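Visitor: kindly return the folded structure for what I paste below:
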Amino acid sequence: MEMKSIFTFLKNRGLLVCFTALILLSGCNNTNLTTPKRVIKGDFDIYKFSGTWYEIASMNDANLTNSTINFSVYNNEIKVIKSSTAKDDKVVKDEYKARFGLDDNKSMIEISKFGLVYEPLYIVKIDAYKYALIYGKDHKKLYILSRTKQIPALIEAIYLENAKKDGYNVEDIKWINQK
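Guide: Below you'll find the predicted structure:
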């Protein structure tokens, strides 16, 4: 083999190795961006979680009042109904299909409005199934839920601190008026 062709071979092979490594590393990096740092470890019980929750705060539900989210389980299917009052006093109800996500501890639920595209929601903190902190797949969705119309100041402070540590801008959180 000629010296020139050996250099060409090694050069092309080196580029291929660098290109492959770059693709693999970029794939690893993207997984960490979309999965929250905190996910409930241990036993998560969807039956204890099911029922009506008051939406105390959210990053995307401005100008809503009396917002509730009901999770129900029947024949291993999860149904989610969100009910709230809009600014014009009109009651708005949205129904979603839901299913467990791919994680082993079932603290990730995927929801869909029409059943075609599912969006993950990560239940990252739950306190005695009375209060819950939920993240979306990016830093644009966050929900604070409660079984009652208010949450204690201590729970609020803990949830906000967790969200801040996990990269959420807590200034963007909208507090929902529960009458």
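
Visitor: how about the strands in this protein?
Guide: Using DSSP state E, the strands of the chain run over residues 51-58, 65-74, 77-85, 91-100, 108-112, 119-127, 131-135, 142-146, 174-175.

Visitor: can you list contacts of the shortest one?
Guide: Pointing back at strand 174-175 there. By CB atoms under 8 Å, 6 or more residues apart in numbering, the residues outside strand 174-175 that reach it are 56-62. Every residue, glycine included, has its C-beta placed from N, CA and C.

Visitor: how near is Thr65 to Ser83?
Guide: 11 Å (CB to CB, to the nearest Å).

Visitor: which neighbours do the two share?
Guide: Common neighbours of Thr65 and Ser83 (CB under 8 Å, 6+ apart) do not exist.

Visitor: more crowded one of the two?
Guide: For Thr65 versus Ser83, the count of surrounding residues by other CB atoms under 10 Å is larger for Ser83: 16 against 13.

Visitor: returning to what we had before: among the strands of the chain, which is nearest Ile155?
Guide: strand 131-135 (5.1 Å; CB to CB).

Visitor: list of residues touching that closest one?
Guide: 36, 49, 53, 121-126, 141-147, 151, 155, 159, 162-163, 166, 168.

Visitor: filter those residues to the buried ones?
Guide: Neighbour counting with 16 or more other CB atoms under 10 Å marks 36, 49, 53, 121-126, 141-146, 151, 155, 159, 162-163, 168 as buried within the contacts of strand 131-135.

Visitor: now do stretch 61-71: distance to the chain's middle.
Guide: Computed by CA atoms, centre = their mean, to the nearest Å, the chain-centroid distance of stretch 61-71 equals 17 Å.

Visitor: residues in contact with that stretch?
Guide: 46, 49-55, 58, 78-87, 92, 98, 143, 145, 174, 176-179.

Visitor: show me how to select, in ChimeraX, the buried members of the residues you listed.
Guide: Buried residues among the contacts of stretch 61-71 (16+ other CB under 10 Å), as a ChimeraX selection:
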select :46,49,50,53,54,55,58,78,80,82,83,84,85,98,143,145,176
